[in-house]
Structure formats: structure tokens, C-alpha cells
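> just coords:
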């Protein structure tokens, strides 16, 4: 009898016919859990510019310099890209020294994520993507002078 008194006032329905109430209560309360909400609302799929793909092609709008976050002081080279599949505009980082010279306005580029599950990398604020190919030629091949960019 003592244990029953200790449980009184806990606020949750108890008893032989309480299952539906408990289930409904649990269903509504789960939405207060941040991880559950993130997994089940589906907003990350709506907000994803790649629409769940690993890579996406886009057209370079213009080149930009992205200022590095503190304590670093640098201008990280990047470009604004409009994706072909949905028209969304994103900022993409251009890796390696001098590779921005291989990229011109209106070039078709292949964009990939940074491999950080949609998070920005290092000291580059708000930049979640990197350039992989320019005009169907690997940026690394251009950098290592293995290939040349095709003349338009």
C-alpha cells in the first residue's frame, strides 16, 4: 500500500485500460526530443540542395573570396554556383593553390559535399561544398598538370 501512495500524482495514466492514453501521450511527447524531431520532420531533406545525391552539377555564377574564421586570417577561394537540377544557389570551395584560375564564369562544375554530413569545414564559414570537376575534367588533374581544360 505504501508504494501505491508514493506513485500517486505522477501524472501518467495507470491501470488496465490505460494503454491507448499512454501510447498517445508518448507519441506527442516524443516531438519534444531534438533527435527524434530532426529524424522525423523531414526538413533536412527539403533543405538539402543536392536532394539526397552525393554530387551535383552546376553553373558558376561568379568567383568569391570567403574570409576565414578567427583566429585564422586568409581569403579562401570559392565560387557561387547555381545547381542545374533545381536552380538553388550555393557557395562552393575551390581546393588547392591557384585552382581558381582554372574556373571561369559560366563553366559547368561538379560539386561534392565536404564529407562532414552537411557541416562547414574548418575555418570556411557557411561553405558546405567543394568543386571536384570543371568542364568534365578533374580539378586535381588540372592542378597536377596531367590534363588540360578543353577549349570551348
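Here it is on my side, so go on. The shown structure was predicted, so the numbers you read here are calculated from the model rather than taken from an experiment.
> same question for the lengthiest helix in the chain, mean pLDDT?
Criterion DSSP state H: the longest helix present in the chain is helix 19-30. If you average the pLDDT over helix 19-30, you get 96.
> right, and the helix or strand after that helix?
helix 34-41 (DSSP states H and E).
> and that next one with helix 19-30, angle?
Using axes from the mean of the first three to the mean of the last three Cα atoms, to 10 degrees, the inter-axis angle of helix 34-41 relative to helix 19-30 is 100 degrees.
> Quick check: mean pLDDT of helix 34-41?
The model assigns helix 34-41 a mean pLDDT of 94.
> State whether residue 147 and residue 140 are indeed in contact, as I suppose.
No: the criterion here is Cβ atoms under 8 Å, and residue 147 misses it with residue 140 at 9.5 Å. Bear in mind the C-beta positions are built from the backbone N, C-alpha and C, glycine included.
> from what I can see residue 132 touches residue 141, true?
No: using Cβ under 8 Å, residue 132 is not in contact with residue 141, being 10.8 Å away.
> Distance from stretch 82-102 to the middle of the chain?
Between the centre of stretch 82-102 and the centre of its chain there are 15 Å (Cα atoms, centre = their mean, to the nearest Å).
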